[in-house]
Each structure stands twice: as C-alpha cells, then as structure tokens.
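Asker: sharing a model that was predicted from the sequence below.
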Amino acid sequence: MLVCRSCTCAVIISTVHCIPHIVFQTLVKGLIGLQPGDDTTFLKREFQQFIAGLMSLPVKLPGTRLYRSLQAKKRMSRLLKKIIQEKRNRNRILGPTVNDVIDVLIGDTSGQLTDELISDNMIDLMIPAEDSVPVLITLAIKYLSDCPRALHKLQGYHSGPPKNRKPGGQTDTRNRGRVFGTGRAKEPAIKYPTKHEAARIRTQTRSLTLTGPAGDPSAVITETLRLGNIIGGIMRKAVRDVEVKGHFIPKGWCVFTYFRSVHLDESIYGEPLCFNPWRWKEKGMSTSNFTPFGGGQRLCPGLDLARLEASIFLHHFVTNFTQPPAHLWSQNS
Ligand code: HEM
C-alpha cells in the first residue's frame, strides 16, 4: 500500500499488473500514435497471445499454442497495416506530420520500408515495452521497498529545487498528474522533465562509469539490473569449432551465456544477493562483468531508452507516493 503525496488518498497498487499496462500504453502511443482505448486494448490482448507462443512446442496445428500465437500476430499486423495506410492517406492530403515512430518510418523515401516491415518492427518493439522495462521498474520498486535507506536517498535526490518544496521537505505535487490511480482515476497527466532535468538524466543514463551519489536513480537502476534482470542470458551458435577456457564447443552447437552467474559472482560483487546501489559509487561497469543488455554487435539498442524510462518512472514514483505508517498495512490492520 502507498499513500499519494498530493491528496493523501491510499492507493493499493499491484506493480506486476499496473506497470506493464502503463508502459505498454505509453510505448504504443509513441510508436503508433494510439491513444488509450479499444485499439490499444485489442493490441495488448493479441500481443499477450502472441508472446505466449514464442517459447512453445514447434507444432503449428489449430488449437496449439504456437498456432494461436501466429494467428494473434496476423491480427495485430492487420490492424497496424490499416493504421499505416490511414497515415499514408492523411499525409497525401495534409502533408507529412511526425508524431510517432510510424510517421518517421513512412517518411522514409528509400522505398525499402514496406508496410509489412514497418508493422513487424512495431510488434518487435512491443516486446521490451511489455516485458523488459516493466520488470526492471517492478524489481526496482521491490528492492527499494526492501531497502528503506536507498529509498530515502532516492527521495532526497529527487526532492527538487527548493522553490517547489513544501515545509517538511516534501515536493509540492499539487499541479502534477498522478502516476497511478485507484481505478477511478483519469488518464495520468505526465509531467515531462524540464530541459535541464532531461540533460541531467541523459548524462546519467549514458555514463558507463558511474560515479554519482549512491542514491541517484542510475545507481539504483544499475543495481536492479545486476541483481534481478529479466534476461538471465543469451543464446549463441558456434559458427566454427571453438575452445573457451578449456571447453571445446563444436561448430553448430548452441551455447547459453548465463549473465546471472557473473552478476551474482561473489568474487566480483561482494555480498552479491544484497541490493546495494552504493557499490556503483566506486565500481565501474566493465563490459565483461556487467552485461544486462548483452554486448558486441548485438548490444541492446534500447539500453538508453530503458534506463531513461525507468529513471522518469522512479522520479514520479518517489515524489508522488510514500509508504504509509506500518499499522495501516500490517497484517493485523
Ligand atoms: C530493461 C530493459 C531491457 C533489457 C534488459 C534488454 C536486454 C537486451 C539484451 C540482453 C539484448 C541482446 C540479445 C542478444 O544478444 O541476443 C537485447 C537486444 C535488443 N533489444 Fe533490448 N533490452 C531492454 C530494453 C529494450 C528496449 C526499451 C528496446 C527498444 C525499444 C530494446 C530493443 C532491443 C532490440 C531491437 C534488440 C535486438 C538487437 C540486435 O539483435 O541487434 N530493448 N536487449
């Protein structure tokens, strides 16, 4: 349970359900330009069906999980192509407008970006929107609530310039939209960071050698990625016979490189199971010991975006909500 700082109403949130929903809505808006509504709900439902079949038995018969998944993808693709066509028609009449990623892609003049390709790319980009970033945010909230000292530091870091502070140190949030609602709440009005805040967040998220104060959002996000990243490792196929540290891997074999065994190795990270954002004050993120976003040619291109989204979310989260006194949420209450 959390208490909203603006109106002091109590809000019970289930981060596991709320966050993927909010992040999905926001990303779909940025990618396709859809406002929350029927089409977003349709896309989300079909997307979940599609994802459920990504790891399934390779049997493509009606009724199987894989078959249902592929059907769902076709339905998503149909809707996306319809949206792309509508946008192309609008551009022909009114001239090009750029509001979202599809607008950018249909503005490409090379003639190589077919509607099929654009629609496939949109579906691919929904995967991190539904899974990776929401899990990162959910875990950050879990670790912060288990570590009040880090939460307190983060609240201090985000408490804003003095003119916005209320007596008692809280940030004046009266004019801000609420990030979470009780179910009755209207669509959240997002407060975008100022130019100055955005520049600061950009610097922090890009920095690979992190030296900021222990409570800064970047260290919290980095430590969350180390301790509980959704992606435990990645698959690779040997393109020729290769020997790695005395182990022979024949050509054609698949190898699973397991990030977690490095991220939780106590010879690299002391007390590896302990959530400790302070460790990043001294430690740099060397590429071989910290690989939540993979590495090399396949390094995740969304790493800055993922960090930025999580930073903005945490900012709103810690400035708008606080934990109520223990007696309000203890088991006996
Ligand atoms: C916490 C969030 C995220 C994590 C932990 C994550 C992790 C990863 C990892 C480990 C890979 C490498 C896969 C491999 O080498 O086989 C990858 C690839 C990729 N990620 Fe992310 N990712 C996140 C967010 C995002 C976001 C927000 C986007 C885009 C909006 C994105 C787009 C991609 C794409 C397109 C690839 C494929 C790159 C390629 O194959 O060349 N990811 N991600």
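Answerer: Perfect, I can see it now. Residues are numbered from 1 along each chain as shown.
Asker: residue ranges with poor pLDDT in the stretch 101-250 of the chain?
Answerer: Under the criterion pLDDT under 70, the flagged ranges of the stretch 101-250 of the chain are 159-195, 197-216.
Asker: one more pass at 50, please.
Answerer: For the stretch 101-250 of the chain, the stretches flagged by pLDDT under 50 are 162-190, 205-215.
Asker: enumerate the residues of it near the ligand.
Answerer: Residues of the stretch 101-250 of the chain lying close to the ligand by C-beta under 6 Å from any ligand atom are 125, 128, 132-133, 136, 229-231, 234. No exception for glycine: its C-beta is placed from N, CA and C like everyone else's.
Asker: just the buried residues of those.
Answerer: Buried by 16 or more other C-beta atoms under 10 Å: 125, 128, 132-133, 136, 229, 231, out of those.
Asker: tell me which two of these sit farthest apart.
Answerer: The two members of those with the most space between them (C-beta to C-beta) are Leu125 and Asn229, at 19.2 Å.
Asker: excluding residues flanking it in the chain, which one is nearest the closest residue to the ligand within the chain?
Answerer: Among all residues of the chain, Gly302 sits closest to the ligand, at 2.1 Å; criterion: C-beta to the nearest ligand atom. Excluding the flanking residues, the one nearest Gly302 by C-beta to C-beta, 6 or more residues apart in numbering is Pro128, at 5.5 Å.
Asker: what about the buried ones among the residues of the stretch 101-250 of the chain next to the ligand, which are in helices?
Answerer: Among those, the members falling in helices (DSSP state H) are 125, 133, 136.
Asker: am I right that Glu243 is in a strand?
Answerer: Yes - under DSSP: H, G, I helix; E, B strand; the rest coil, Glu243 sits within a strand.
Asker: what sits against the residue lying closest to it once chain neighbours are set aside?
Answerer: Counting by C-beta to C-beta, 6+ apart, Glu243 lies nearest to Ile249, which is 7.2 Å off, once chain neighbours are set aside. Contacts were defined as C-beta atoms under 8 Å, 6 or more residues apart in numbering; by that measure Ile249 touches 238, 241-243, 255.
Asker: can you put these in TSV and add neighbour count?
Answerer: Listed next are these as TSV, based on neighbours: other C-beta atoms under 10 Å:
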residue	neighbour count
Ala238	15
Asp241	11
Val242	13
Glu243	8
Val255	15
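Asker: what is the nearest of these to Phe290?
Answerer: Of all the contacts of Ile249, Phe290 sits closest to Val255, with 19.8 Å by C-beta to C-beta.
Asker: what kind of secondary structure is that closest one in?
Answerer: Val255 ends up strand, using three-state DSSP.
Asker: for it, give the beta-bridge partners.
Answerer: Arg236 (DSSP bridges).
Asker: from here on, call the first residue 33.
Answerer: New numbering, starting at 33: the last item is Val287.
Asker: on that earlier part again, what's the closest of the buried ones among the residues of the stretch 133-282 of the chain next to the ligand to Gly65?
Answerer: Taking C-beta to C-beta as the measure, Gly65 sits nearest to Leu157 out of those, at 13.7 Å.
Asker: in contact with that closest one, which residues?
Answerer: Leu157 neighbours (C-beta under 8 Å, 6+ apart): 59, 63, 133.
Asker: could you dump the residues you listed to TSV with distance to Arg124, neighbour count and secondary structure?
Answerer: Below are those laid out as TSV (distance: C-beta to C-beta, whole Å; neighbours: other C-beta atoms under 10 Å; DSSP: H, G, I helix; E, B strand; the rest coil):
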residue	distance to Arg124	neighbour count	secondary structure
Leu59	27	20	helix
Leu63	22	19	helix
Val133	20	17	helix
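Asker: show the residue spans covered by the helices in the stretch 183-332 of the chain.
Answerer: Applying DSSP state H, counting those that start in this stretch to the stretch 183-332 of the chain gives helices spanning 227-238, 249-260, 291-295, 311-314.
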